[in-house]
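J.: Return atomic coordinates for the entry below.
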Amino acid sequence: MSKFEKYIKDLSNHEVKRTEKFLTPRNKILVYAGINLNWLGDYLANPNIKYKKVVIPVEKILFTGTGVEWNKILIDKCERKVEKFKELVEKDEKIKERFLKETSFTNDPLLVRGPDENGFYKIIDGMHRFVGAVLKNKKNIEAYIAINDGKHLPICEPHVVYDLIRGFQRNAQDKQGEIELYHSLKLLSRTYENVTTLLKTRFNSERIPDEKVQKILKRVLGNK
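T.: Below is the predicted model of the structure:
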C-alpha cells in the first residue's frame, strides 16, 4: 500500500467516525438505499410516513425485481404472479431446487406498497422471504404497509441538493448552468419533502455565500 493509499484509508476511517453520530437507523437506510440503488429510503427515511402491520393473502402480492437471474424467472416467465410460479416449480424440479437453496424462510414481515387498482401489492423489502413463503405453500403473510400513503413525499439526502449546487459552482457557472440548476432544484423540491427546508436552512446565504447560487435558490423557493 502506497503512502497516499494509506492516507485515503485513514481519512475514510476518520470520516466514518465523524459522521456516525448523524446516522440514525432511518438515515442509514437512506444512505445505503442510495448505494444499493433501491427504493427503501423513499419509503422508510421520512418519519412522517406511518406504517401498520397487516395480513395479506399470498396470491395478492406480486413479485418485484431482485437480481437479474431471479427476474428472468419471477418477472419474465411468471409475469410477477404467484400462481404461475407455483405451476412452474411443480413442473420444473431444477428451478424448484434452485429457489429452495437461494431463498429465505424467516418469518419477518414484508414491506409492501399498494394495493393497486386490481387489489395487488408490490414488495419493497422481503422478496426472498416471500418466495420462501410461497414455496412453503403459505396462504397469508404479514406485511407492513403505509397508512398515510400519498400524504407525504419521501426525503432525500442533503448531498443530493449539494451535488447539484457544487457541480454548478465548479463546472457550469454560465447562463445554461443557471437554467439547468434551477430546473434540477425545482424538480427536487417538487418530489422530496425536505428540499424546501434544506434550501432555506442548510444552503442559505450564510452557508453558501454565492450570489449566483442564492439568486437561483430564491427563484426555486418563490413564495414558499
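J.: which residue is nearest the middle of this structure?
T.: For the chain, the residue sitting closest to the mean C-alpha position, by Cα atoms, centre = their mean, is residue 39 at 2.2 Å.
J.: for that one, what are its contacts?
T.: Residue 39 makes contact with 33, 124 under the criterion Cβ atoms under 8 Å, 6 or more residues apart in numbering. Every residue, glycine included, has its C-beta placed from N, CA and C.
J.: What separation do you get for it and residue 141?
T.: Distance of residue 39 to residue 141, given as Cβ to Cβ, to the nearest Å: 20 Å.
J.: Next: residue 67.
T.: Here residue 67 is placed at a distance of 21 Å from residue 141 (Cβ to Cβ).
J.: sorry, back to before: got the phi/psi numbers for the residue nearest to the centre of the chain?
T.: Per-residue torsions, residue 39: phi -100, psi 10 (degrees, to the nearest 10).
J.: any idea of the mean pLDDT for stretch 192-200?
T.: The average pLDDT for stretch 192-200 rounds to 97.
J.: who's in contact with that stretch?
T.: Here stretch 192-200 has contacts from 46, 48, 152-156, 158, 160-161, 185, 188-189, 217, 220-221, 224, using Cβ under 8 Å, 6+ apart.
J.: Show me where this structure has its helices.
T.: Under the criterion DSSP state H, helices of the chain are mapped to 3-19, 25-36, 40-44, 68-71, 82-91, 93-102, 127-135, 158-171, 175-191, 195-200, 211-221.
J.: can you redo those as TSV with mean neighbour count and distance to residue 118?
T.: TSV is the format used below for the helices of the chain (neighbours: other Cβ atoms under 10 Å; distance: least, Cβ to Cβ, whole Å):
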stretch	mean neighbour count	distance to residue 118
helix 3-19	10	43
helix 25-36	14	27
helix 40-44	20	21
helix 68-71	12	21
helix 82-91	15	14
helix 93-102	13	25
helix 127-135	21	18
helix 158-171	15	34
helix 175-191	16	26
helix 195-200	19	33
helix 211-221	16	38
